[in-house]
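*Asks:* Make a model of this:
(one chain, ligands or ions: 2)
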Amino acid sequence: MKLFKENESDATDNSVKNTDYTIKTEGLNKTYTVGNEKLNVLKNVNFEVKKGEFVAILGPSGSGKSTLMNIIGCMDVADSGKYYLDGIPIHEQKEKSLNSIRNTKIGFIFQNYHLVPTYTIVQNVIMPLLMRGISYNDAVKMSMDTINMLGLSDRIKHKPHELSGGQKQRVAIARALVGDPSLLLADEPTGALDRESGKEVLKLFNKLNEMGNTIVMITHDHHVAEHAQRIVNIIDGNLTVN
Ligand code: ADP
Ligand code: MG
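*Replies:* Ligands and ions are numbered 1, 2, ... in the order given. Modelled structure (predicted):
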C-alpha cells in the first residue's frame, strides 16, 4: 500500500523528489531537559541511506543511537531539522499520519524481540497486517512464505517462551518483513543472543539485503557493525560518515 503517490506529498520541496534515498536527514537536533540541565543528544545529524543499502550505526552506550532510531522509526520527532523517508517529509506530518507511515514503511527488530508472550508465533508474525485492517485468514496466507523462508513453519502454533533466542529473533524478523516495509530498522538485534545465534541473524540480514531490503542496524559492537555494507559512527550525538 502506498500512502502517497511518489513526490505528491510536497511538490514545492525539491529534495523530496529524490526517492533514490530511503532515508535522508538534514540537520536533526534533539535536546532533552533533565531538571535545569539541557542535554544535546543529537547534534546536526545528516544521515543518508540509499534504497537497497545495509548500513550500521555504530556508537558507544549513551551516544544517541536509540534516540536517532526513534526518530528514524517515526516514534519520536526531532526538535529541528528535516527527515525524509521514501521522499515523504516526516518533519511535516501529524501524529496520525506518522502512525500509518510507521506501520506501512518500517519493520522494527529489537534486542529483546518484543513478542507478545500470550500469542502464538503466527499470531505475532501477522500483527502488522491485522493493524492494517487485513483479515486474520488473509494475513496468515500472506505471511506463510516469510514464515517458511525463516524456517519457522513447524513452530507456528508454539508460544514465544517455547523457542530459543535465535528463533524468537527470527519470529521478530518475520513480523518485520510481512508488511513489505521500505526499511528494516534493527536496534542491537544480536544483543541478547549467544555468538552463534547472533551470527545466524547477521547472515540472515545479509541475505535479506541481497534480496533487496534496505536495512539500518544500530549497534555498539564493531564486530556486529562489520557485517553491514557501510558503517557510520555516532559519538556524543555527532554522526560521522567514514
Ligand atoms: P544509546 O542508545 O546510544 O545508548 P540514547 O539515545 O538512549 O543512547 O541516549 C542518549 C543520551 O540521551 C543519554 O545520555 C541518555 O541518558 C539521554 N536520554 C535518552 N532518553 C532520554 C529521555 N527520555 N530523557 C532524558 N534523557 C534521555
Ligand atoms: Mg540504545
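
*Asks:* Convert the longest helix belonging to the chain to CSV, retaining C-alpha atoms only.
*Replies:* If you go by DSSP state H, the chain has its longest helix at helix 195-210. Extracted as CSV, the C-alpha positions of helix 195-210 are listed here (Å, rounded to 0.1, in the frame of the first residue of the first chain):
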residue,chain,number,x,y,z
ARG,A,195,27.6,-15.8,19.4
GLU,A,196,26.3,-18.5,17.1
SER,A,197,22.7,-17.3,17.0
GLY,A,198,23.9,-13.8,16.6
LYS,A,199,26.0,-14.8,13.6
GLU,A,200,23.0,-16.5,12.1
VAL,A,201,20.8,-13.4,12.5
LEU,A,202,23.5,-11.3,10.8
LYS,A,203,23.8,-13.8,7.9
LEU,A,204,20.1,-13.5,7.6
PHE,A,205,20.3,-9.8,7.4
ASN,A,206,22.9,-10.2,4.6
LYS,A,207,20.5,-12.5,2.7
LEU,A,208,17.6,-10.1,3.2
ASN,A,209,19.8,-7.3,1.9
GLU,A,210,20.7,-9.3,-1.1
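
*Asks:* Just the buried residues of that helix, please?
*Replies:* By 16 or more other C-beta atoms under 10 Å, the buried positions in helix 195-210 come out as 197, 198, 199, 200, 201, 202, 204, 205, 208, 209. For every residue, glycine as well, the C-beta is placed using N, CA and C.

*Asks:* Residues touching that helix, excluding its own?
*Replies:* Outside helix 195-210, the residues that touch it by C-beta atoms under 8 Å, 6 or more residues apart in numbering are 52-54, 150, 164-166, 169-170, 173, 177, 184, 186, 189-190, 193, 215, 217, 224, 227, 229.

*Asks:* partners of the helix or strand just after it, with directions?
*Replies:* Once the chain leaves helix 195-210, the next helix or strand it forms, by DSSP states H and E, is strand 215-219. Sheet pairing for strand 215-219, assigned by DSSP bridges, gives strand 54-58 (parallel), strand 183-187 (parallel).

*Asks:* Tell me what angle the strand of greatest length in the chain forms with strand 183-187.
*Replies:* Identified as the longest strand of the chain according to DSSP state E is strand 21-34. On the basis of axes from the mean of the first three to the mean of the last three C-alpha atoms, to 10 degrees, strand 21-34 is oriented at 40 degrees to strand 183-187.
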